[in-house]
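Student: Here is my input, please return the structure:
(4 chains)
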Number of protein chains: 2
Amino acid sequence: MISTDLIKGSLKTIVLKLLSDEGRMHGYLITQRVEELTHGKIKLTYGALYPILHKLESEKKLVTSQEIYNNRVRIYYSLTPEGTSAVREKIEELNEFINALRWIVEPGKNLSHA
Amino acid sequence: MISTDLIKGSLKTIVLKLLSDEGRMHGYLITQRVEELTHGKIKLTYGALYPILHKLESEKKLVTSQEIYNNRVRIYYSLTPEGTSAVREKIEELNEFINALRWIVEPGKNLSHA
DNA sequence: TCATTATATTTAAGTTTCTTATATATTGCA
DNA sequence: TGCAATATATAAGAAACTTAAATATAATGA
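Tutor: Numbering: from 1, shown residues only, chains lettered A, B, ... in the order given. Take a look at the predicted model:
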């Protein structure tokens, strides 16, 4: 598990990207997929996730729809067109960030400037 | 310039890594080198930097020494042995983080599990 | 000579973003 | 019957910044 300080700022981008790749998802599933995709390195807690989802909804980047599954209400989240273009920008920024970190970590190697 | 949210959690690691690579540095120089190394993508503000330096000093990860240059006091920071081993751990964690982000961004590619 | 930019450090107040803890409720397995 | 997994939500508090302001010297250019 990676220190939470490091992860903090990227959670919103991660949520958007997952919704972009996998379409409709409910909150619980999002936490599971993040853990799966990152081999347990990143764990999204509910206390972090739901406020993020609610905020993204209020920003019109995603919409919700309810579904009953096994007598339980599930709330599905999916991207709006606005959310879809937000993902593109966020991912681009995340790639820049990854590159910037690599320039720090491996200052010798002349890495891509993309 | 990358969104500050993204960068937040990695500033301490960046400072430690720079001191590890370049030895004695004063605060102002650290901000310059970060900007240089990251091609302006990451800017360390003084309001962020000095509290980080002071905290690392109180944690005995670095020590200070003063020097007069052009009638001005410069405060140089350098790693203690404790700081040096902290760098190694932090960099390892940062690499894990970079990989985890790449698993999110490029889920198709089977990237290293290092 | 005067103004501006660069150099250099510091700290206080405020915001954001999470962490931690708690609450609630159903299903399935042992 | 009890525990683990499934599923969502929110409140209180901590941490890490951002922004802004204060202070001071040197160098550059108009």
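Student: ok, residue A:31 - how many residues close by?
Tutor: For residue A:31, the count of nearby residues is 19 (other Cβ atoms under 10 Å in any protein chain shown). Quick note: C-beta positions are derived from backbone N, CA and C, even for glycine.
Student: got the contact list for it?
Tutor: For residue A:31, the contacting residues are A:43-46, A:49, by Cβ atoms under 8 Å, 6 or more residues apart in numbering or on different chains.
Student: repeat that with 7 Å
Tutor: Shown in contact with residue A:31 (Cβ atoms under 7 Å, 6 or more residues apart in numbering or on different chains): A:44, A:49.
Student: now it: how far from DNA strand D?
Tutor: 8 Å (Cβ to the nearest atom of the strand, to the nearest Å).
Student: Doesn't that residue belong to a helix?
Tutor: Yes: in this structure, residue A:31 lies within a helix as judged by DSSP: H, G, I helix; E, B strand; the rest coil.
Student: mind checking pLDDT for it?
Tutor: For residue A:31, the model assigns a pLDDT of 95.
Student: what does residue A:67 give?
Tutor: Note on residue A:67: pLDDT of 89.
Student: May I ask you to confirm that it is in contact with residue A:76?
Tutor: Yes: counting by Cβ atoms under 7 Å, residue A:76 is a contact partner of residue A:67 at 6.1 Å.
Student: The two: who's more crowded?
Tutor: Each of residue A:67 and residue A:76 has its neighbours counted (other Cβ under 10 Å); residue A:76 has more, 18 against 11.
Student: hey, what's that one bridged with?
Tutor: With DSSP bridges as the criterion, residue A:76 is bridged to residue A:26, residue A:65.
Student: Could you tell me the phi and psi values at residue A:59?
Tutor: phi -90, psi 0 (degrees, to the nearest 10).
Student: That one - how many residues pack around it?
Tutor: What residue A:59 shows, counting by other Cβ under 10 Å, is a neighbour count of 12.
Student: Now do it against residue A:53, distance only.
Tutor: Distance, residue A:59 to residue A:53, by Cβ to Cβ, to the nearest Å: 11 Å.
Student: what's the answer for residue A:106, then?
Tutor: Look at residue A:106 and residue A:53: by Cβ to Cβ, they are 35 Å apart.
Student: Over to residue A:28?
Tutor: The spacing between residue A:28 and residue A:53, counted by Cβ to Cβ, is 11 Å.
Student: List the residues that contact residue A:42.
Tutor: Residue A:42 touches A:2, A:7, A:34, B:100, counting by Cβ under 7 Å, 6+ apart.
Student: got a pLDDT number for the third one?
Tutor: Just to be clear, that refers to residue A:34. What the model reports for residue A:34 is a pLDDT of 94.
Student: Tell me how many other residues surround it.
Tutor: Neighbour number of residue A:34 under other Cβ under 10 Å is 24.
Student: And it, which helix or strand is it part of?
Tutor: Using DSSP states H and E, residue A:34 sits in helix A:27-37.
Student: Pull out the buried residues from that helix.
Tutor: Across helix A:27-37, burial judged by 16 or more other Cβ atoms under 10 Å in any protein chain shown covers A:27, A:30-31, A:33-34, A:37.
Student: before we move on, what about stretch A:77-94?
Tutor: Buried positions in stretch A:77-94, judged by neighbour count with 16+ other Cβ under 10 Å: A:77-79, A:83, A:86-87, A:90-91, A:93-94.
Student: what does stretch A:44-63 give?
Tutor: Within stretch A:44-63, the residues scored as buried using 16+ other Cβ under 10 Å are A:44, A:48-49, A:52-53, A:56-57, A:61-62.
Student: Nice, that's everything, thank you.
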